[in-house]
Every structure is written in structure tokens, then in C-alpha cells.
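Q: have a look at this prediction, sequence included:
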Amino acid sequence: MVENNEIELSEAEAEQYDRQIRLWGLESQKRLRASKVLIIGLSGLGAEIAKNIILSGVKSVCLLDDENLKEIDLYSQFLAPPDKIGQNRAESSLQRARALNPMVDVTSETKAVDELPDAFFTTFDIVCATGLKQEQLERINNICRDSNKKFLCGDVWGMFGYMFADLIDHEYSEEIVQHRALKRGPDDTEKSARETVSITVKRRAIYVPLQNALSADWTKPELRSRLRRGDPSYFVMKILLRFRDEYNRNPDPAKRKADTEILLRMRDELVKELSIPVGFISDALFMDVFGIISGAAAVVGGVIGQEVIKAVSQREPPHNNMFFFNPVKCVGFVELYGQ
Amino acid sequence: MVARVAGVLDEKLAEAIANSKILVVGAGGIGCEILKNLVLTGFPQIAIIDLDTIDVSNLNRQFLFHKEHVGKSKAQVAKDSALSFNPNVNIVAHHDSVISNDYGVSYFKQFNIVMNALDNRVARNHVNRMCLAANVPLIETGTAGYAGQVELIKKGLTQCYECQPKAPQKSFPGCTIRNTPSEPIHCIVWAKHLFNQLFGEEDPDQDVSPDTADPEAAGDAGASALTSEGTATGNVERKSTRAWASDTDYDPEKLFSKLFGDDIRYLLSMENLWKKRRPPTPLTWDNLPGKDNPPTQHTGLPDQRVWTVHECAQVFADSCKVLKADLKRRPDGDHLVWDKDEKSSMDFVTACANIRAHIFNIPLKSRFEIKSMAGNIIPAIATANAIVAGLAVLRAQTLLKGNIESCTSVYLRPKVNHRGQLFVPERTLTPPKPKCYVCAPKPEVALACNLKQLTLKDLNNVFKEGLNMQAPDATVEGKGLVVLSSEPGETDHNNEKTLEEIGLNDGCALLVDDFLQNYEVRVRLQQEDDEKSWRLVTDTDTPMLGPQEDKTNGSNGAKEPKPGPSRSKEESDSDMEIVEEDDGGVTTKAPKRRRTEKSDTVVELC
């Protein structure tokens, strides 16, 4: 839980954050200013998340990545300059990340997540992981859970993307707008004048760990009924995560044909395994899963950034617990898995 | 070479992108994000227009700008920053208003797609018409707080920006502002009018003195005793407020005594007004509430503390002094322009609004709150802009692939809908409205007015305010007679003549043309004896805008000196409107439900 920092905002902060304080209030801004964020994976998605969180005015952001910048990253990674190809992605992103908001303390870490001790992850209020394998994600999620730290993860493959959140036991306040008849003077002829009043209510949301969400039981009737309503994004995510686990990489645009075949084969296996109707997960969904397309990174990074802001400021209902962006329909939606 | 790695995009799309040319109108919150996405994706040729300069309050979201860029051209800095992401693309930056002869139909025709990232209705209307005239697809974007939307506009295929009448700006009757305020906003509007009367551009419609023509006060004994002073227009006959203030050398105590003492006593004499209302209490300068109060404990931003009336009077005096000095430094005839981000202007309005509120028993507000209301600030955040810009560029890619039918509008909701959707796409494109007065094959509209009263000057205003034209020319249909010319001087001698005197009568049709917008509309005149001003009527009988009595912000499209991608400093600092991103002056108006039949999203569209 982020401690509410009682120190008042400086004039410079009030000026720079004016437009957002008018949206989420001063209390949220103070909570943001007290929070420490870890961002894992500095692909285009990581860069988008970092940008949104640094701009919001958190206390600190640590960029963690052991990979080097590749040409393909330049399709979406705007924090690392093009001339840094071959150098560490987190370090290369530092300068521009800091320039986004000099009031935020931005640092980098170039070790691989597997080499970092559990204690490293719990020094942050919230961890936001991208580009990792399922096993790595689950490890970090469980470490966070044990220390009551919030965890989010997400990925973008081509134009497709998802997000998962485990905010454990999350308390938040929500502003609810109510309409009520406006009492006016007896001379007032205006009919049915109404005024809106907003009241703040306290709420609570309970989350489940990632392994529960990823092992959702599709034989259960409540999930079967989701098949009828029908968006296959959850399965696309499962297949892409499996691809990464199995091949230790993402689908490669240089092997577009071969990798598409692998993905379609994995799709067929999953269809059998979970007895999903054939044709439910169309081939078209696997056409645009190569590299990271900037527009999709912006969209998913925007959603993840906003969820981090909601989580640490404890304001507005956060999404529970998965978000998907399906580029074929251009739809973005939230579903609850694993509960 | 732009597409760096083969196989990321499908071949057809990669080729279409390589041959594309895109215009981005507006380099604010959404514009910065769009530009980044275009450059990274490898769009090789981009032009970006914005007339605005960078302000500190932009920096929480307009991420191509940093502190050292404050005061510089948004378009230019956005270009330089974006080039550092991908030096292989060609970006042309224009620090300019898009509403200009330099950007005519042939200019628009060179682009495959135009992307709007604007913050005001005037510029949106204009780009809408330019894209219709040039037959170029327009992707229109906007955000407000957590919400936003992306919409394709294509001539003949979809609705245009003006197919749905927009919610009018919120306005208040003059007598509420001048005589009987009952809400904080009434006092804020009055205070902004007072600013203009004293230091700004004097506007007879922004009188701040008691209005004796108030219908409610008719037959009033107190007022009738004073009619010798009154005029037909209801204003108390005397020197202009500006002249009077200048004669007293803007002496704060004298100004205060007149505005918050004498004028209030005058209002009290209009007894009818106070039969059912709580009467106001005049104030005297040296006996103000809160003088001896100990300082109260306050948590929050300094601006969020509500001042006492005594403090307001001090701030009033101090800001008057600064504003007077500022005005005196300027050449004769020049004036100040109210700006919410200018300290003394904002202090003055806060102090005056609160003093008046106290007089009328209306709750006082903090400077922070009054700034939102007086400056029509729409809150703006980085994430919503990033999402909307991301969706816009993905839509542009779909368009380039030739799948225009699937480029339906997408709404970003502040919270998920009942189906769990956060981004809600429409199922199909929304077809054009056949009777749209802008995009119909032969646009037509009726003008209901009293031809015996409406002057040619009024008619010019009808075209500018009601039909969003920039430089209208009008001829009589069938006769070719020029009634109104956009060339200065050509028809000005007729300005004060009524339409009847010019020879126009009931049933007569005018062909009204805006050369810049390449837009022509047939306007049928309808004589209505009872119409005090004017109304535009389309065949679908949706009521359209009439003239406005009063405005919550100090300007409107017609008076706007140079509307463009971003509003002038006076009322906004940036980018959004449809639901626009930032403070878009014209945009805070009553939220309207757009296309409710298809989407349950409420987005403010302006």
C-alpha cells in the first residue's frame, strides 16, 4: 500500500500536473508522488508504459531489462535512440525517460529477472512486467503477493495485446455521480431542473494470482457461456505465451511463414485440449502478431499505465483482472478469469 | 528506406504506408501521440500544423515537449522530437492556423488521410469542410478526461462532423448575469465581463451594470423612479465603465464602492426583483467580512483555499493595480485579453466573482475551482490521449489497406460498459444525413427571421455563427445579385440596412458561398414577424443554433481572431474537443449524447 505523502505539492508540481489534478484530485496526485514503480521489459510496450507513468508524476521508476536494442524494437520503442542498437534497452532508454519529467527519479537495472533475488522486487510498490515467460511472471507475481505488493503484466504481439492485474485485496474510492431534483426559488419557472452531485464511496476488490487466471477451467458452465458471446482473445494470448515459453522468443517477422504455421498448429492443439468450437479462433488473428506495432503498443500501454495510476492512487475501479485488445474488431474489453 | 524490418507489417500495408502522405492537424496531447505512432510505424511523409505555443500545463501529457520548450512552437518542437525517433521520415511543420488561404482545397488534396487532433469546434468544422471538398478521408479524434473517441469522416460514405447539430454553448440570460445571479458561474461570467469592460475589448453585450429593462422589474416603483436615467436598451445612461474607471485612475476603493456598493443599492431599488428572492447586501470598502479572522488551517493546494471577502478585496486592489499598469504600457486603443493562465487576470476574476457571490448569498469558490469554470478547462491525461491516438493510427492503417468499411467509430469509455467493453467500436459506418446542411449533395437550410428587422450585418453573423463560415459571400438565387461580399468594403455600406430594404423578401433564396471552405449552401428566407432575432431550420426539423445571449467564455467562433488547431491563449491551451483533449474553450459545453441509438457512450462532442 502506498503511503499518502503528507508533504504538500510544490508550485512547480501543481502547475505541471494541473490538468490531471483536476481529474483525479490532489489526494491521488500525492499518492502517485509517493509510489515506486518497477517496469520490466523495455520493448515498445515497456516504453509506452514508462512514458505514461513518468508523466503522471510518481516518485520513482526503475527500468529493468537485460536485452539489447534490436532494429525491430524501433517500430515502437521511442525511448531508445536508433543509434543505440546493440546496447542494453533499459540503459539506452534512461536519458529520454528522464527528460519526460525531471521530477521523477528514473533508474535502470540490466540484470536478468532470473538473477535477481526475491527481495529486489519487493522494494517497489507496484511491478509491471512485459516480455517474460509464464514461469517468470508467476514467480514475480507470487513474490509480490507475499509482500502485499501490486503486480501487473502485459504484452503486445503485433497489433494484439493483453493485460493482467493482481492487486490482491484492493481498496479504492470511487466518485459516483447522482442526479437529484434541484430546489429553486418559487419564482423559478424552469421545469425539472436537476443538479448532479458527486459523492465518493469506498470500495474493495479481491484479485487472484496469475496462475489461476491462466489455468481457467473452460469446462465450467460460466466460462462455456463466454464462448457463445465470443471473443477468442484469451486463447490468442495463451497461444502466444506458449510460443514464447516453448521457443524462448516471440514470433519472428523474418520467419513469418514458418512461425504462422507453428502458431496455427498450437491453436489446433489448444482447441482440442479445451474443447473449443473449431473455427472459434480464426486464422486471421495470427496474421498481425509479429514485432510490436506502435499504435497497438500505445493502446495497451495506455491501458496499463492508467491501471498502474489507479492502483497506486487507489482511485476509480481498476480492471479485474484481464484486459484484451482485439485489433481485428478494434475492441478492448475486460474479463475476469480464475475466480 | 522506411520499413526497417520486412515481415512486421503485411506486404500490402507496408507498401501503402510507404506511398502515403498524412496531414496531422494539431500538435497537442493527441497530436504528439499520433505523430509518434506515425513516425515509428514508418509513415514517410507527414505534415503537422498547430498555431499554438507550449505551456507548462501541457507537459503532463504532450510528451514531445519538455520544460525548456515552453513558449516555443508546438508544431516545430513536435517535429524535431519525432525526427529523433526516426530520422528517415520527412516531416513538414507549420506554426500556423489551419484556417488560412495557404491551406486550400488543393493543399488538402495532396494527402491520403487527414488526422484531426484539435481542441475546438471552429477548426474542426473548417477541416471537416476542407476534407469534404477535397474528398480526402478525415480521422477525427478527441478526449475529455478518461473518455475519448475516434471517428472516420468520408464524403458520401459516413456522417460528416456537422451532420449532428452540436450542443450549443451554455449561455445565461443577460439579466441573470447583471441583476439576479443565483449560482457561482453567474458571478464568474459577470467578473469576466467586468474584466473586459475595464481592461479588455469593450463589448456592449457584456455590460455589467444593473439592467433596468429586465422584464421582471417592469412596473417596478423603484426602477420607475429612476427611468429618467434609463435608456431604451436598459442600460443606465452614463459614461462607459472604462471611461469612468480611467477617470478615477482605476482607484480600487472607488471602483469597489461603485461596483459592489452603488450598483447593488440600485438593484435593491428594483423591488420587484426581490419579492421572492433574498435581496443582495451592498458592501463598503472599510468594513468587509473576514478582516479580523485568524488565518484558517488549510490542507491542499494554496489555490484550493477559499479567500475571505476581505482577502478578495485586497486581491482585487492588487490585481487592478497590475492590470492598470499593463494596460497603460500599451499603445492607445490596445487592450488586454483575459487569460486564465495570467496571474493578475485570474486573480481579478476570482476576487470579483467571490465578492459578488458574497453579496448575493452564493457560496464562494476557490481560485482553483473558478479557474476551471472561467477557463472552461477540460481535464486531460496522457493515457487517454495515448489510447485514442493509438486507435486513430490503427484506423489509418486499416484505411490504407483498403478496408474502409471496417473503419467504424470507436469510443474509449471512462469505465467499461455492461459487456465489459472499454473500447467500443460501432458495428457499421454511420451514413451521411441526407439533409445535412454541410455534406448533402445540395446543402440547404431555411433562415427564419423578421426581414424588417434583421440587418445585413446580422445576416453576416448568421452565416459565421450559425453556419460556421469564415468569409461568406451571398448572391440572390436566379438573379446573381451580390448581397454580401467577403471583400472588405464591397457591401459594407449596406451593413445597417434591413434585408427588406435590400429587396429580399419571404421565400427568396440566397446562394451563400465560402471560397476558403469551398462550401456553398442555399439559404431560404422565411418571414416570421415574431422572430426577434433568427433561427436556422433544416428539413429534418432538428433545431439548430440561434444566436447566443451570453457566453460562459469570453469568445465565440465568429469573434475569435484566428481560430486554428489550438485556441488562442484566451481560452484554451490545447488539444481536445470532440471530446477534446484539453481546455478547448468552445468545448466544455453541455455534454451531448451522440448517436445514442448505436452506442451507449456519452462523449462530449463539440
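A: Thanks, I have the structure now. These numbers were taken from a predicted model, which means no experiment stands behind them.

Q: from here on, contacts and neighbour counts on C-alpha atoms
A: OK.

Q: those helices in the stretch 101-250 of chain B, which residues are they?
A: Secondary structure of the stretch 101-250 of chain B by DSSP state H, counting those that start in this stretch: the helices cover B:105-109, B:121-134, B:174-178, B:184-198, B:221-224, B:241-247.

Q: what's the least confident stretch among the ones you listed?
A: Ranked by mean pLDDT, the helices of the stretch 101-250 of chain B bottom out at helix B:221-224, which scores a mean of 43.

Q: where exactly do the helices run in the stretch 451-600 of chain B?
A: Residue ranges of the helices in the stretch 451-600 of chain B, as given by DSSP H, counting those that start in this stretch, are B:456-461, B:499-502.

Q: re earlier: redo the helices of the stretch 101-250 of chain B as JSON lines? Include distance to B:E140 and mean neighbour count.
A: As requested, those are exported to JSON lines (distance: least, C-alpha to C-alpha, whole Å; neighbours: other C-alpha atoms under 10 Å in any protein chain shown):
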{"stretch": "helix B:105-109", "distance to B:E140": "15", "mean neighbour count": "17"}
{"stretch": "helix B:121-134", "distance to B:E140": "8", "mean neighbour count": "24"}
{"stretch": "helix B:174-178", "distance to B:E140": "35", "mean neighbour count": "21"}
{"stretch": "helix B:184-198", "distance to B:E140": "31", "mean neighbour count": "25"}
{"stretch": "helix B:221-224", "distance to B:E140": "53", "mean neighbour count": "17"}
{"stretch": "helix B:241-247", "distance to B:E140": "43", "mean neighbour count": "15"}
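
Q: so which of these gets nearest B:E33?
A: B:E33 lies closest to helix B:121-134 among the helices of the stretch 101-250 of chain B, at 18.6 Å (C-alpha to C-alpha).

Q: put together JSON lines for the helices of the stretch 101-250 of chain B, with distance to chain A on each row.
A: Supplementary listing: those in JSON lines, determined by distance: least, C-alpha to the nearest C-alpha, whole Å:
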{"stretch": "helix B:105-109", "distance to chain A": "24"}
{"stretch": "helix B:121-134", "distance to chain A": "20"}
{"stretch": "helix B:174-178", "distance to chain A": "12"}
{"stretch": "helix B:184-198", "distance to chain A": "14"}
{"stretch": "helix B:221-224", "distance to chain A": "19"}
{"stretch": "helix B:241-247", "distance to chain A": "31"}
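
Q: okay, buried residues for stretch B:312-321 please.
A: Neighbour-count burial for stretch B:312-321, counted by 16 or more other C-alpha atoms under 10 Å in any protein chain shown, picks out B:C312, B:A313, B:V315, B:F316, B:A317, B:D318, B:S319, B:C320, B:K321.

Q: among those, which ones are in helices?
A: Cross-referencing the buried residues of stretch B:312-321 with the helices (criterion: DSSP state H) gives B:C312, B:A313, B:V315, B:F316, B:A317, B:D318, B:S319, B:C320, B:K321 as the overlap.

Q: please name the nearest non-neighbouring residue to the second one.
A: This points to B:A313. Spatial nearest neighbour of B:A313, excluding adjacent residues (C-alpha to C-alpha, 6 or more residues apart in numbering or on different chains): B:A351 at 6.7 Å.

Q: equivalent analysis for the first one, please.
A: The shortest distance from B:C312 to any residue that is not its chain neighbour, by C-alpha to C-alpha, 6+ apart, is 4.5 Å, and that residue is B:A351.

Q: mind listing what's buried along stretch A:58-66?
A: Applying a neighbour-count criterion of 16+ other C-alpha under 10 Å, one finds A:V58, A:K59, A:S60, A:V61, A:C62, A:L63, A:L64, A:D65, A:D66 buried in stretch A:58-66.

Q: same thing with stretch A:17-30?
A: Along stretch A:17-30, these residues count as buried under the neighbour rule (16+ other C-alpha under 10 Å): A:17-24, A:26-30.

Q: any idea which element the residue nearest to B:C312 lies in?
A: Secondary-structure assignment from DSSP states H and E places B:A351 in helix B:343-359.

Q: kindly export the following helix or strand past that helix (C-alpha atoms) in PDB.
A: Elements were assigned by DSSP H and E; along the chain past helix B:343-359, the next helix or strand is helix B:367-374. What follows is helix B:367-374 as a C-alpha-only set of coordinates in PDB (Å, rounded to 0.1, in the frame of the first residue of the first chain):
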ATOM      1  CA  ARG B 367      -9.300  30.200  -7.300                       C
ATOM      2  CA  PHE B 368      -8.600  26.600  -8.400                       C
ATOM      3  CA  GLU B 369     -12.300  25.900  -9.000                       C
ATOM      4  CA  ILE B 370     -13.000  29.300 -10.600                       C
ATOM      5  CA  LYS B 371     -10.100  28.700 -13.000                       C
ATOM      6  CA  SER B 372     -11.800  25.500 -14.200                       C
ATOM      7  CA  MET B 373     -15.100  27.300 -14.800                       C
ATOM      8  CA  ALA B 374     -13.800  30.600 -16.100                       C
END
